[in-house]
Structures are given as C-alpha cells and as structure tokens.
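Visitor: Need coordinates for the below:
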Amino acid sequence: MKISLQGRKIIGGQAEGEAIVTRQLISFLGGVDPDKGIIVERGHELEGQSITNKVFVFPQGKGSTSGPYVIYKMSKRKTAPSMGKIPMVDRLDQNPLDLIETGDHVKVDGNRGVVEITKKKKSD
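Guide: Numbering: from 1, shown residues only. As a prediction, the model looks like this:
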C-alpha cells in the first residue's frame, strides 16, 4: 500500500530508505553519537538504536542549534540518517507520525514537496 503526502518544499533533494520513527523529541547534540549513528539519549524510546541510512521520522528537534552541525558531521562519517543530505518538506497535508511506522519505506522528494510511504508488509 502506497500513501503520498503533499507539503511545501523547503530544501530540494531526495532521500529514501527504511523509516525509524519516534514521537519523542530528539537532540542531535548529545542525543546521538555522530561516530556510530546511534541514539544515546538516556531514556529515549530509541536509545541504543541506529539511525544510519534510515529515514528518521521525529516530531521536532530540541535543545541547541548545533544539531545541524552534528548531522553534517554524521554525513561526513557515513553514519547519518538517509536524510543526511537534508531534503526538507513541511506543512504536509496529513500528519506523518500518524501514517509512518518503523520499517515502512519512505521517499522524501524535497524538489516536489512530496513524501511517499510504502507500508511494510504485515506478517500473518
């Protein structure tokens, strides 16, 4: 099953991959190990999980404005989420946190302002 969300282009480019989803806020500065691409924030629901080469879906960042520099560092070290090149879309016509689940395949097309979701197959 495929779902397409329309939004507003902020930054062009494309990224796609398996989604990893959290409803909790995240700080990239201190909350993510840039050398390993692992969530290290104590008590976070994704603590210990890798975001490397995944489409990381989260409601918003928190804390310092240094987060983008951490993502840049992760990109250089090849530990970044697949959105390390940071195509960005906002004002989607539906809430992505209500539709995207960990394991779904997500494609972000920042050029067109579109997010395409292919739902993972449910095991019987």
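Visitor: and the most centrally placed residue in the chain, how far is that from G48?
Guide: Relative to the mean C-alpha position of the chain, the nearest C-alpha, by Cα atoms, centre = their mean, is the one of F56, at 2.0 Å. As for F56, its distance to G48 is 15 Å (criterion: Cβ to Cβ, to the nearest Å). Glycine gets a C-beta too; all of them are placed from N, C-alpha and C.
Visitor: and the gap between the closest residue to the residue nearest to the centre of the chain other than its chain neighbours and D93?
Guide: With Cβ to Cβ, 6 or more residues apart in numbering as the measure, P81 is the residue that lies nearest to F56, at 4.0 Å, once sequence neighbours are left out. Distance from P81 to D93, counting by Cβ to Cβ: 23 Å.
Visitor: okay, these two: which has more neighbours?
Guide: Comparing P81 with D93 by neighbour count (other Cβ atoms under 10 Å), the higher total belongs to P81, at 25 against 9.
Visitor: ok, the more buried one touching K54?
Guide: Yes: counting by Cβ atoms under 8 Å, P81 sits close enough to K54 to count as a contact (5.4 Å).
Visitor: Now the common contact residues for those two.
Guide: Shared contacts of P81 and K54 (Cβ atoms under 8 Å, 6 or more residues apart in numbering): 17, 20.
Visitor: Next up, phi/psi of the residue nearest to the centre of the chain, please.
Guide: phi -90, psi 110 (degrees, to the nearest 10).
Visitor: Let's see the pLDDT reported for P96.
Guide: The model reports P96 with a pLDDT of 94.
Visitor: hang on, it packs against L5?
Guide: Yes: in this structure P96 lies within contact range of L5 using Cβ under 8 Å: 6.4 Å.
Visitor: and for these two, which residues touch both?
Guide: Here P96 and L5 share the contacting residues 115, 117, scored by Cβ under 8 Å, 6+ apart.
Visitor: So which residues of the chain form strands?
Guide: 2-6, 8-11, 14-21, 32-33, 38-39, 55-57, 88-90, 105-109, 114-118 (DSSP state E).
Visitor: measure the spatially closest residue to S82 that is not a sequence neighbour to K54 for me?
Guide: Spatial nearest neighbour of S82, excluding adjacent residues (Cβ to Cβ, 6+ apart): G17 at 3.9 Å. Distance, G17 to K54, by Cβ to Cβ: 6 Å.
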